[in-house]
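>>> Sequence first, predicted model second:
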Amino acid sequence: MRAPSKPVAQSWFGPITAVQRRAMFALVPVAVAFGLVVGLAFLPLTSAFGGLAKTGSESVLELPEELVLPPAPESSTLYASDGKTAIATFGDQYRVQLEYDQIPDSVKNALVATEDSNFYDHNGVDPEGVMRALVTNISNGGASEGASTITMQYVRQVLSYTATTPDEVAAASEVTIDRKVKEMGYALALEEEMSKADIITNYLNTVYFGNGAYGIGAAAQVYYGKLPAELTDAESAMLVGLVQSPSNYDPINGSSEAALARRDHVIDRMITTGYLSRAEGETARAEELNLNPQEANNTAGGAIDSKYGFFVDYFEQWWEQQADFGDSDDERKARLYRGGYEIVSSLDKDLQKEAQDAIESEKETGSEYALGSVVVEAGTGSVQVMAVNREYSNDISDNGENTAGSEYGKGTYPNTTNPLLTGNSAVPGYQAGSSFKMFTMIAALEAGMPLDTTIYSPYQYTSKYVTGAGEASCGNYWCPRNASKSEVGNYNMWTGFGESVNTYFVQLVERVGADKAIEVAERLGLEFHNSTDLGYTSGDAAKNFGQFTLGVTQNTPMEMAAAYATLPADGMYCEPIPATSATTAGGERIGFQSECEQVIDVEVARAAVDAARCPTGYGAATGNCTWGTAEQVGEEVKGPVAGKTGTTDSNSTNWFIGFTPNAAAAAFIADPDSPQHYVGKGNLGKPADAVAEILAAQWESNGEGDFTPPTDLVS
């Protein structure tokens, strides 16, 4: 390839006909604005316009600050906690940002040859082109010819990207003399601020190539499935040819003949301007289009891999709630989609895989029963895992409803999004059963009752609480039973919690007050999402809601994991958070931290942990356990582990929430399409089995710390 020849300055009026010249001078008043800018454009070539430049520079060359500073809209990337594994992109435009030396010369040369052959010689406005366009437009009585340089085209792109109203968008591209004058003035000023290399790089990173591809990096992928550096001369020419009109020359969905003709025109221009030799040009013209079309990866909040979809969806919801990113949800979302952030999430990709494998080994994807788990790091609130036996999807069903908000389980629409794991207004969660006994136990410990508080507990107990419809009743009062008739006798917090003795905890909540247990749950992050739960858990009604201790409200795995993570953190509750940091397009690092608060006294938390060791078979440090409802967890984890099972009436939902010294995992199983559907005895142990595998993997990779035994509240 030989170097291009340097253009030779020609007479200003050389290409203009006599008729055009007469028209130009007849309409001099209309052309004053153009003349001012053209005079400035000639400054590098002559000093004759020095006075004109001095007169007009203040008004014409005033450059808006936003024209130079903002980058083109750029997708944000979400990474796993390793900071390397991309799990999602957020953007309304597919764009791959490139540096100058990442763009091949063949592309840059093709652009200059076709769009602005004097690019390296003018100062933002090409005088010859402007005068030719000026006379033509005056003759035609309008603005039919543009004479836009690459710099001017870039100005127009930036004005469009920074427009905030429909009128501003229209004004950025309207075909008027006023707009052209302003564009030229900005172009002249821009070249005082930016190098030619920066201008052509920014231009090629922002210009639209059609089929969803913004910038040459995206275009190379969409049309050829290649990196830009791999493009041939012919391929570069084809892509640059699209810039003038992506729809008219579209080789994928339009006319390949038109695309080929346009490509060959670009090649001819490269030969004429010296960027290709005649032989090189003929070789390029002989090459077929050789397209390899790919989908534009303009993933509007979509996961790169669907196994991360639930987490990505949760992250996006979290981002839209962060006031630091804007005054409204729309503004925050726009910043995510167009701000070019590099975001490091809290997702542990290795633990996520272990969790997903554990879930699917227990219950296959697409089963009528949903089995899912969330893992939250103790002391930070970092959400490390969101796994469920469903495929993430935002597909629209045949009836026009989003599957994320309608069907959750089986049948025609087996896909599901976050409501199963984090809840929403339509799906507030699932009853968590006896796992709520933890809140009653903490309330009792806070009231000064020690772990060895012993209560005789019969198989069935008539409580002081008035019964509700459908509840176990003895006369007008609620009288729950234990899971087995053999569960009768004296129990304390270690044995009562380990064996999950209902009648022990009903009597315990009577002593401490149901409202106190509810208040503990709220401190540990639980919210009550539907009107029924809100009615029972607020005001005076809370004092009479003894049923709360057996987990009859609807809550989510995210809430339960974060609540239980408070215990190994010595009573420090941290609100769940899906990200640790973000780096702006300008290189500024933003750190994210959970809002953490000491909500339980350290000794109370340690005492609760000691009792919670009993269900897993790990054994208490300060008391005696009998047997546990999930001893397989201790056998699997082979390290310090605690937790609690939870089963609802009629076995419609089953849970297990377990924790090591540094993480808590909550898992549940239910029929999401019919929450009262009996899950079957064969499924009751699956949440505990899944958590056992998850926490075993977590402890193996991060087996640090131990549970600190309580020194108070023991006896």
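Nice, thanks for sending it over.

>>> where does S701 fall, phi/psi-wise?
As for S701, its main-chain torsions (degrees, to the nearest 10) stand at phi -90, psi -20.

>>> Give me the phi and psi for V466.
phi -60, psi 140.

>>> tally of neighbours for the nearest residue to it once chain neighbours are set aside?
Sequence neighbours aside, N476 is the residue nearest to V466 in space, at 5.7 Å (criterion: C-beta to C-beta, 6 or more residues apart in numbering). For the C-beta atoms, the positions are set from N, CA and C on the backbone; glycine is no exception. Other residues near N476 number 8, with proximity taken as other C-beta atoms under 10 Å.

>>> doesn't Y465 make contact with N476?
No. N476 lies out of contact with Y465 (C-beta atoms under 8 Å); the separation is 9.8 Å.

>>> taking the mean pLDDT, what do you get for the helix or strand hosting A334?
Taking DSSP states H and E as the definition, one finds A334 inside helix 329-338. Per-residue pLDDT values across helix 329-338 average out to 80.

>>> The helix or strand just after it: partners in the sheet, and parallel or antiparallel?
Next helix or strand after helix 329-338 toward the C-terminus (DSSP H and E): strand 342-345. The pairing partners recorded for strand 342-345 under DSSP bridges are strand 76-79 (parallel), strand 579-583 (antiparallel).

>>> rank these by pLDDT, which is bottom?
strand 76-79 has the lowest average pLDDT among those, namely a mean of 92.

>>> Just give me how far it sits from the chain centre.
Relative to its parent chain, strand 76-79 has a centroid offset of 7 Å by C-alpha atoms, centre = their mean, to the nearest Å.

>>> now the protein, which segments are flagged as low pLDDT?
1-73, 92, 130, 132-147, 160-175, 297-306, 393-418, 424-426, 468-471 (pLDDT under 70).

>>> Let me see the domain layout of it.
If the domains of the chain are taken from automatic domain parsing, they occupy 18-286, 431-450+513-701, with pieces of a single domain joined by a plus sign.

>>> deepest of these, which one?
For the domains of the chain, ranked by mean neighbour count under the definition mean count of other C-beta atoms under 10 Å, the leader is domain 431-450+513-701 at a mean of 22.

>>> now for that domain, what's the gap between its first and last residues?
From the first residue to the last, domain 431-450+513-701 extends over 32 Å; the measure is C-alpha to C-alpha, to the nearest Å.

>>> Just give me how far that domain sits from the chain centre.
27 Å.

>>> Now do the buried residues in the one helix or strand V509 maps to.
Of the helices and strands defined by DSSP H and E, V509 is found in helix 502-512. Of the residues in helix 502-512, those with enough neighbours to count as buried (16 or more other C-beta atoms under 10 Å) are N502, T503, Y504, F505, V506, Q507, L508, V509, E510, V512.

>>> just to revisit the earlier point, show me what the helix holding A334 packs onto, helices and strands only.
helix 309-319 (3 or more C-beta pairs under 8 Å, 6 or more residues apart in numbering; DSSP states H and E).

>>> For the stretch 501-650 of the chain, which segments are assigned as helices?
With helices called from DSSP state H, counting those that start in this stretch, the stretch 501-650 of the chain shows them at 502-512, 514-523, 531-537, 557-565, 602-612, 631-637.

>>> what's the closest of those helices to N651?
Ranking those by proximity to N651 (C-beta to C-beta) places helix 502-512 first, at 14.2 Å.
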